[in-house]
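**Student:** next come a sequence and a model predicted from it.
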Amino acid sequence: MTALTYESSSRTAKAAGLTLHYHEAGPETETSAAGAAGPVVIMLHGGGPGASAWSNFGRNLPVFAQLFRTLLVDQPCYGRSDRPELDKDYFSYSADAVAALMDELDIAQAHFIGNSLGGGTAVRMALNHPDKVAKLLLMGPGGVSVNLFAPDPTEGIKRLLEFNAAPEATKEQLRAFLSVMAYDQSIVTDELVEERWASATDPDNKVGSARMAASFANPAWAEDWMLWREAHRITHPVLLTWGREDRVNPLDGALVALKTIPDARLHVFPHCGHWAQTEQADEFNRLAIDFFSH
């Protein structure tokens, strides 16, 4: 089997008036064509400087593609997707875009994996487009995470704000942010820093990041991204996953979601920060595949 690469799995589609970029592979061929049969898994990446679908989930794609038609979607304002000015809160806007992409690709329903920012979008999918969602796996998700004991802003959010607010951000600030994301510091390599730096400092990506951030700062939409207020309405099976050492959305943030989502369960990865899909990849892959397969 030919190894999956960024380019071999790369796709684009028009949906909701946007050009959306995504990666796709599945069990039919190495680069499953649209329309392949079988269950579908859609993975939604986190935010942060230089984030994209491939940077979050590229290493997981070959494993999931053995069993599922798998899509890694660059959410609006990220990766190679369009960077529109938003007319609603980010989670709702991105969820509407993903729903439109599913219609364009003739995907009636999918399981969702959402990390951080992508977790918030996945939750909004379940709330606003419930028929399109089968099961949700949320990894340190935004929106439904309410810190009961950890201070706000968290260490990770502080590093993010420092990078975004700097008149001229530096690689040292980016490394500081990435170092907070991971428990295992060996994965914060010079190569990773350079890769994320090139993406984060791209002028188009800076515009996208600013537009995403502005949606969270708009007071008219504040209640819309506070997803914990609506979590009790989620009727789908939900697997909450958290890194025990997460310094972005700390573990205590899981408790309100675990209590309020009717069909929720929680798995905690030891020796793990905000990137369970990378730091505990084998366990994460097994856990997700088992959850989606039964």
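**Tutor:** It's in. Residues are numbered from 1 along each chain as shown.
**Student:** where does this structure have low pLDDT?
**Tutor:** Scanning the chain for pLDDT under 70 picks out the ranges 1, 28-37.
**Student:** and the strands in it?
**Tutor:** 10-15, 18-25, 40-44, 69-73, 110-115, 133-139, 238-243, 264-269 (DSSP state E).
**Student:** reformat these as JSON lines; add mean neighbour count and distance to Pro219.
**Tutor:** Just so you know, the C-beta spots here come from the backbone N, C-alpha and C atoms, and that holds for glycine as well. Output for the strands of the chain, formatted as JSON lines (neighbours: other CB atoms under 10 Å; distance: least, CB to CB, whole Å):
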{"stretch": "strand 10-15", "mean neighbour count": "16", "distance to Pro219": "29"}
{"stretch": "strand 18-25", "mean neighbour count": "22", "distance to Pro219": "25"}
{"stretch": "strand 40-44", "mean neighbour count": "27", "distance to Pro219": "25"}
{"stretch": "strand 69-73", "mean neighbour count": "29", "distance to Pro219": "28"}
{"stretch": "strand 110-115", "mean neighbour count": "27", "distance to Pro219": "25"}
{"stretch": "strand 133-139", "mean neighbour count": "25", "distance to Pro219": "26"}
{"stretch": "strand 238-243", "mean neighbour count": "25", "distance to Pro219": "29"}
{"stretch": "strand 264-269", "mean neighbour count": "17", "distance to Pro219": "30"}
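**Student:** tell me which of these sits nearest to His294.
**Tutor:** Between His294 and those, the tightest spacing by CB to CB is seen for strand 133-139, at 9.8 Å.
**Student:** what would the strands of the chain look like in JSON lines with distance to Ala214?
**Tutor:** Rendered in JSON lines, the data for the strands of the chain read as follows (distance: least, CB to CB, whole Å):
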{"stretch": "strand 10-15", "distance to Ala214": "22"}
{"stretch": "strand 18-25", "distance to Ala214": "17"}
{"stretch": "strand 40-44", "distance to Ala214": "20"}
{"stretch": "strand 69-73", "distance to Ala214": "21"}
{"stretch": "strand 110-115", "distance to Ala214": "21"}
{"stretch": "strand 133-139", "distance to Ala214": "25"}
{"stretch": "strand 238-243", "distance to Ala214": "28"}
{"stretch": "strand 264-269", "distance to Ala214": "31"}
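**Student:** Arg175: which of these is closest?
**Tutor:** Here strand 238-243 is closest among the strands of the chain (CB to CB), at 19.3 Å.
**Student:** for the closest one, packing partners?
**Tutor:** In this structure, strand 238-243 makes packing contacts with strand 133-139, helix 254-260, strand 264-269, helix 276-279, helix 281-293, judged by 3 or more CB pairs under 8 Å, 6 or more residues apart in numbering; DSSP states H and E.
**Student:** how does it look with 6 Å?
**Tutor:** Here strand 238-243 touches strand 133-139, helix 254-260, strand 264-269, going by 3 or more CB pairs under 6 Å, 6 or more residues apart in numbering; DSSP states H and E.
**Student:** hmm, who's touching the last one?
**Tutor:** Residues from elsewhere that reach strand 264-269, judged by CB atoms under 6 Å, 6 or more residues apart in numbering: Val238, Leu239, Leu240, Thr241, Trp242, Gly243, Arg244, Ala254, Leu258, Ala276, Gln280.
**Student:** give me the angle between that strand and helix 281-293.
**Tutor:** Between the axes of strand 264-269 and helix 281-293, defined by axes from the mean of the first three to the mean of the last three CA atoms, to 10 degrees, the angle is 160 degrees.
**Student:** let's have the chain start at 808 instead
**Tutor:** Yes, from this point I'll number from 808; that puts the last item at strand 1071-1076.
**Student:** for Gly845, give its distance to Thr1085.
**Tutor:** 26 Å (CB to CB, to the nearest Å).
**Student:** so the two - more neighbours on which side?
**Tutor:** Thr1085 (21 against 11; other CB atoms under 10 Å).
**Student:** could you check how far the more buried one is from Met988?
**Tutor:** Distance from Thr1085 to Met988, by CB to CB: 9 Å.
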